[in-house]
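Visitor: Following is a predicted model, sequence given first.
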Amino acid sequence: MIIRPITDKDLDTLFQIAEESGPGFTSLMPDRDALAKKIDHSTASFERKVIHPADEHYLFVLEDEATGDVMGTTGIEANAGHTRPLYHFRRNTVTHHSRDLDLRRSEETLTRCNHYTGYSEICSLYLRPEFRRANAGKLLSRVRFLFMALHPERFSHNIIAEMRGVSDSAGQSPFWNWLRAHFVDMEFSQATHLVGTGYTDFIDELMPSHPLYTCLMSQEARTVLSQVHSQTRPALRILEAEGFQHKGFIDLFDAGPTIECALAGIRSVRASNACRARVDESGAFGKTGFGHRQHGDSGQTLITNAGTTDFRATITTDTFEESGDLIISPALADKLHLQDGDPSRILPLSQARPAQTRTTAMELSYAY
Ligand SMILES: NC(=[NH2+])NCCC[C@H](N)C(=O)O
């Protein structure tokens, strides 16, 4: 499994993924022109010399090298809210209190806001059902944190992830159904399609701009506030383990939680290291006795090169560290586009119980 930047040739697969992933997956909408533009934008972003993050969008694919199949996607928006506003509802508490009458009551409100302007956003993580296997989800999720650690000038100091909220297989969202009944006469899928293809004017025009008291909402809508889609729960757990937290900002359409973490605080950023690749031509990799010097207690390591347009990453056991150098076989060096002496970044993966590995890879398929 190799991670690489997306190219024009991946358009058909990207279209399939956009169809498979459904209406709540707003960063990939099944619209060929929009997806072709997204690929071009990604290619230009990887090519661009960047000093401060602007409107770059990086989209990677996970490829099965043996077959050339694209197994999934993963992305980073360098500066969310830069080209068009990024809206959320903020959960607030309002207290009405009369000292004279000795009465008080606290109620929750939702207020539309643009709080997260200027954050980098991780997005578009999708692992196709037929390619669920150990480490695939991990690689798709964590590779973004290594890419950010390698190229911090391209990203904000703060990172968010918008987690998909609750909707059913027929595309009905309990939160949207309440909004729709009172404010915006439009299907959930139409609203997410508009947002996903970059049309956000209707939010200012039609969505409520005054605080909404949640006590006045339907019970169905209230219970899904800050809740994730059932298929997104494992992805949420993984990001929480990386240090991400929910601060009460929720999606305008399905009330899914947005979570945030400082880049420097992300576990995979802190636990990964810069090193130099040394290509071992001696053929020692086949021999025994190398295991004790391998990374992590599982011996598995996420390795990347330090490139942008030529970025590559994989998870392997076929490596070890020696005085700060990463010793790799010529075959692996070739796959990762690494030459002897090139900078690299490594993240030792800790031992996961086999059952856990399976669950993670499987359940990450719908991700966030
Ligand atoms: N609450 C939501 N549905 N938010 C949108 C989730 C989008 C998802 N993070 C994506 O990249 O497409």
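Guide: Good, I have the coordinates.

Visitor: Need the per-residue pLDDT for Ser323.
Guide: Here the pLDDT value assigned to Ser323 is 79.

Visitor: Got phi/psi on it?
Guide: Phi and psi for Ser323, reported as degrees, to the nearest 10, are phi 40, psi 60.

Visitor: Tell me how far it lies from the ligand.
Guide: 41 Å (C-beta to the nearest ligand atom, to the nearest Å). To be clear about C-beta, it is placed using only N, CA and C from the backbone, and glycine gets the same treatment.

Visitor: From what I see, Phe145 and Ala271 are in contact.
Guide: No: the pair Phe145 / Ala271 is not scored as a contact, 9.4 Å apart, by C-beta atoms under 8 Å.

Visitor: Specify which residue of these two has the higher count of neighbours.
Guide: Comparing Phe145 with Ala271 by neighbour count (other C-beta atoms under 10 Å), the higher total belongs to Phe145, at 25 against 16.

Visitor: and that one, that one's in a strand?
Guide: No: counting by DSSP: H, G, I helix; E, B strand; the rest coil, Phe145 is not found in a strand; it is helix.

Visitor: Just list whatever residues bridge to Asp69.
Guide: According to DSSP bridges, the residues that bridge with Asp69 are Asp64.

Visitor: And it, what's its pLDDT?
Guide: Looking at Asp69, its pLDDT is 95.

Visitor: Correct me if wrong: it contacts Leu62.
Guide: No: counting by C-beta under 8 Å, Leu62 is not a contact partner of Asp69; they are 9.4 Å apart.

Visitor: which residue ranges form the strands in the stretch 201-350 of the chain?
Guide: In the stretch 201-350 of the chain, the segments counted as strands under DSSP state E, counting those that start in this stretch are 212-213, 245-250, 257-262, 273-279, 300-305, 313-316, 319-322, 325-328, 343-349.

Visitor: Tell me which residues are up against the shortest one.
Guide: When contacts are defined by C-beta atoms under 8 Å, 6 or more residues apart in numbering, strand 212-213 is touched by residues Phe89, Val94, Glu107, Glu108, Thr109, Leu110, Thr111.

Visitor: any idea which helix or strand comes after the helix or strand where the last one lies?
Guide: Which is Thr111. Using DSSP states H and E, Thr111 maps to strand 103-113. Next along the chain after strand 103-113, taking DSSP H and E as the criterion, comes strand 119-127.

Visitor: does the ligand sit close to that following strand?
Guide: Yes: using C-beta under 6 Å from any ligand atom, strand 119-127 comes into contact with the ligand via Cys123, Ser124.

Visitor: Name the strands paired with that strand and say parallel or antiparallel.
Guide: For strand 119-127, pairing defined by DSSP bridges yields strand 69-80 (antiparallel), strand 158-162 (parallel).

Visitor: Compare those strands and give me the one nearest Asp334.
Guide: Nearest to Asp334 among those is strand 69-80; the distance by C-beta to C-beta comes to 19.8 Å.

Visitor: what comes up buried for that closest one?
Guide: For strand 69-80, the neighbour count (16 or more other C-beta atoms under 10 Å) marks Val70, Met71, Gly72, Thr73, Thr74, Gly75, Ile76, Glu77, Ala78, Asn79, Ala80 as buried.

Visitor: these two touch, right, the third one and Pro129?
Guide: No: when contacts are counted by C-beta under 8 Å, Gly72 is not listed as touching Pro129 (10.0 Å).

Visitor: Quick check: closest non-adjacent residue to Thr308.
Guide: Leaving aside its chain neighbours, Thr308 sits nearest to Phe46 (4.8 Å; criterion: C-beta to C-beta, 6 or more residues apart in numbering).

Visitor: and the gap between the one you found and the ligand?
Guide: Relative to the ligand, Phe46 is positioned 19 Å away (C-beta to the nearest ligand atom).
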